[in-house]
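Undergrad: coordinates only, sequence not included:
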């Protein structure tokens, strides 16, 4: 009986471990573990060093380590590189913290929205879904085939390149362009 009990426990533990591994995605050369929070995962992605530096400069680390849940549309370093020359260094200056915070929180939606849930909302909205951001702005989500893209308030367009990177306090969708509020 004791042996059977330990066999069952070991089988359950192995299954749980395999499920967690199956949900783990690679982003920026690093595993993103669904048991870690947004910040603890993001700091390991070599594709998100600019985003992590910006989150630190804006003082948003503790917020994004919080319970959430949050849906984060995470721009890559290449996305930040698309901005006009000098934009990132200017935003990272202490005197521009309010502007930086607004830009970053424009990439965050309250709740945990999977790509399938966003796609369903797009379908229900006749091809468009408005997502209210933490900054108070609106992102418009649309689909082209199976790909989801976002349009910001200035008409900029960003594609979700990696969807459903689950976190303990939400989900990250990697995007290829920085989204800009009004």
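TA: Alright, I've got the coordinates. What you see is a predicted model; the values in this text were computed from it and never measured.
Undergrad: So residue 101, which state does it fall into?
TA: Under DSSP: H, G, I helix; E, B strand; the rest coil, residue 101 falls in the helix class.
Undergrad: List the buried residues of the longest strand seen in the chain.
TA: When the chain is parsed with DSSP state E, its longest strand is strand 157-167. Applying a neighbour-count criterion of 16 or more other Cβ atoms under 10 Å, one finds 158, 160-167 buried in strand 157-167. Bear in mind the C-beta positions are built from the backbone N, C-alpha and C, glycine included.
Undergrad: from those, which is closest to residue 99?
TA: residue 158 (18.9 Å; Cβ to Cβ).
Undergrad: Can you report how many residues neighbour the nearest residue to that closest one once chain neighbours are set aside?
TA: Leaving aside its sequence neighbours, residue 158 sits nearest to residue 177 (Cβ to Cβ, 6 or more residues apart in numbering; 3.7 Å). For residue 177, the count of nearby residues is 21 (other Cβ atoms under 10 Å).
Undergrad: Now the element after the longest strand of the chain, going C-ward?
TA: Downstream of strand 157-167, the first helix or strand assigned by DSSP states H and E is strand 170-175.
Undergrad: contact partners of that following strand?
TA: By Cβ atoms under 8 Å, 6 or more residues apart in numbering, the surrounding residues in contact with strand 170-175 are 27, 32, 38, 41-42, 47, 68-76, 79, 107, 111-115, 148, 150, 158-165.
Undergrad: go on, stretch 81-93?
TA: Counting contacts by Cβ under 8 Å, 6+ apart, the residues outside stretch 81-93 that touch it are 50, 53-54, 57, 80, 96, 99-100, 103, 177-178.
Undergrad: and the gap between the residue lying closest to residue 111 once chain neighbours are set aside and residue 154?
TA: Spatial nearest neighbour of residue 111, excluding adjacent residues (Cβ to Cβ, 6+ apart): residue 69 at 5.8 Å. Distance of residue 69 to residue 154, given as Cβ to Cβ, to the nearest Å: 27 Å.
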